[in-house]
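Student: here's my sequence, what's the structure:
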Amino acid sequence: MVSYKHILIAVDLTEESKQVADRAVDLARSGTAKISIVYIIEPMNFAYGGDIPVDLSSVQLQLEEHADLNLKEFSKIYKIPEKNQYILVGLPQSEIHRLAKEEKVDLIVVGSHGRHGLSLIFGSTANGVLHGASCDVLAVRVGT
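Tutor: Here you go, the predicted structure:
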């Protein structure tokens, strides 16, 4: 079995994130891998196409603060140090790929709902991470 040196857990901070983190931690325990965790916030202007004539910066800041608190609490369960916790703003696949390269990650662990058809074509983060990664990717089936 391959022994990984640095595992990146990509979470959405839903209840299903625990399944993803559990699998990553189990893999890390089989060796001496460092574990990092990332949560990506999509910018408000991406979600609304930038067509809303309202300043959303305070809402964006609140989202980031809320995510920071939730990620810290979630990471405590798995004893992931703060220096290995990342909250990034951008497109999930792009930010996960960028962070993985910067931090020399050799395994990315993401959750996958196993969707098919149109929902697979129009937005599977796991699929996007898989097809653009420069390292191994483990898609953990969640919600089953």
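
Student: by mean pLDDT, which helix or strand of the chain comes out lowest?
Tutor: helix 118-121 (a mean of 39; mean pLDDT, DSSP states H and E).

Student: show me what counts as buried in the helix or strand following that one.
Tutor: Downstream of helix 118-121, the next assigned helix or strand under DSSP states H and E is helix 125-132. Buried positions in helix 125-132, judged by neighbour count with 16 or more other Cβ atoms under 10 Å: 125-130. In short, each C-beta sits where N, CA and C put it, glycine included.

Student: just how off-centre is the lengthiest helix in the chain within its chain?
Tutor: Longest helix of the chain, by residue count under DSSP state H: helix 57-77. Distance of helix 57-77 from the chain centroid (Cα atoms, centre = their mean, to the nearest Å) equals 14 Å.

Student: what's the helix or strand just after that helix in contact with?
Tutor: Where DSSP H and E defines the elements, the next helix or strand beyond helix 57-77 is strand 85-89. Strand 85-89 is contacted by residues 36-43, 60, 64, 67-68, 71-72, 75, 95, 99 when judged by Cβ atoms under 8 Å, 6 or more residues apart in numbering.
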